[in-house]
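In: could you work out the structure for the sequence below:
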Amino acid sequence: MTDKPPATFLRDYPTFERHLGVEVGEVKPGHAVLFIDIEAFHLNGNGTLHGGVYAALIDNAMGFAVAALAQVRVATTQMNLQCKSCPHMPVIENQRR
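Out: Below you'll find the predicted structure:
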C-alpha cells in the first residue's frame, strides 16, 4: 500500500485500473468521478462496454469517495449490482464515458 493520492497511484503503479485506462476526474468526501477513453479491448462480443469495466469503475469510484469521506484506506468487501434489460446501447471506440 501507499499513501499517494488516488490519481497519482493509478498513474504511477501497474494496477488493474491503469490497464483499463481509468483516470480520476474528481474525488471529494462522498463523491468521485472516474472516466476512461473507450478502446476496442473494453468492448464485449456485442460491441458494447463490458460489464466488468462498469463494475471496476463503480468499485473504484465507491472506494475513492468513501476513503475521502472516512480519511482512511478502504476495501470493498461486498458489492451488489442489479442489471436490468435495456435497449442495445453501443459505445464507440475512443469515446469518453
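In: okay, now residue 61: neighbour count?
Out: 19 (other Cβ atoms under 10 Å). For glycine as for every other residue, the C-beta is placed from the backbone atoms N, C-alpha and C.
In: please list all residues in contact with the closest residue to it other than its chain neighbours.
Out: Nearest in space to residue 61, with sequence neighbours left out and distances taken as Cβ to Cβ, 6 or more residues apart in numbering, is residue 32 at 4.3 Å. Residues in contact with residue 32 (Cβ atoms under 8 Å, 6 or more residues apart in numbering) are 24, 26, 60, 61, 62, 64, 65, 68.
In: sticking with the fourth one, tell me its helix or strand.
Out: Using DSSP states H and E, residue 61 sits within helix 51-70.
In: C-alpha coordinates for that helix, PDB please?
Out: Only the C-alpha atoms of helix 51-70 are listed here, as PDB (Å, rounded to 0.1, in the frame of the first residue of the first chain):
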ATOM      1  CA  GLY A  51     -19.900  -5.300 -17.700                       C
ATOM      2  CA  GLY A  52     -16.600  -5.800 -15.900                       C
ATOM      3  CA  VAL A  53     -15.500  -2.400 -17.000                       C
ATOM      4  CA  TYR A  54     -18.600  -0.900 -15.400                       C
ATOM      5  CA  ALA A  55     -18.100  -2.900 -12.300                       C
ATOM      6  CA  ALA A  56     -14.400  -1.800 -12.000                       C
ATOM      7  CA  LEU A  57     -15.400   1.900 -12.400                       C
ATOM      8  CA  ILE A  58     -18.200   1.600  -9.800                       C
ATOM      9  CA  ASP A  59     -15.900  -0.200  -7.400                       C
ATOM     10  CA  ASN A  60     -13.100   2.300  -7.700                       C
ATOM     11  CA  ALA A  61     -15.400   5.400  -7.500                       C
ATOM     12  CA  MET A  62     -17.100   4.000  -4.500                       C
ATOM     13  CA  GLY A  63     -13.700   3.300  -2.800                       C
ATOM     14  CA  PHE A  64     -12.300   6.700  -3.500                       C
ATOM     15  CA  ALA A  65     -15.500   8.500  -2.300                       C
ATOM     16  CA  VAL A  66     -15.600   6.500   0.900                       C
ATOM     17  CA  ALA A  67     -11.900   6.900   1.600                       C
ATOM     18  CA  ALA A  68     -12.100  10.600   1.100                       C
ATOM     19  CA  LEU A  69     -15.000  10.700   3.500                       C
ATOM     20  CA  ALA A  70     -13.500   8.500   6.200                       C
END
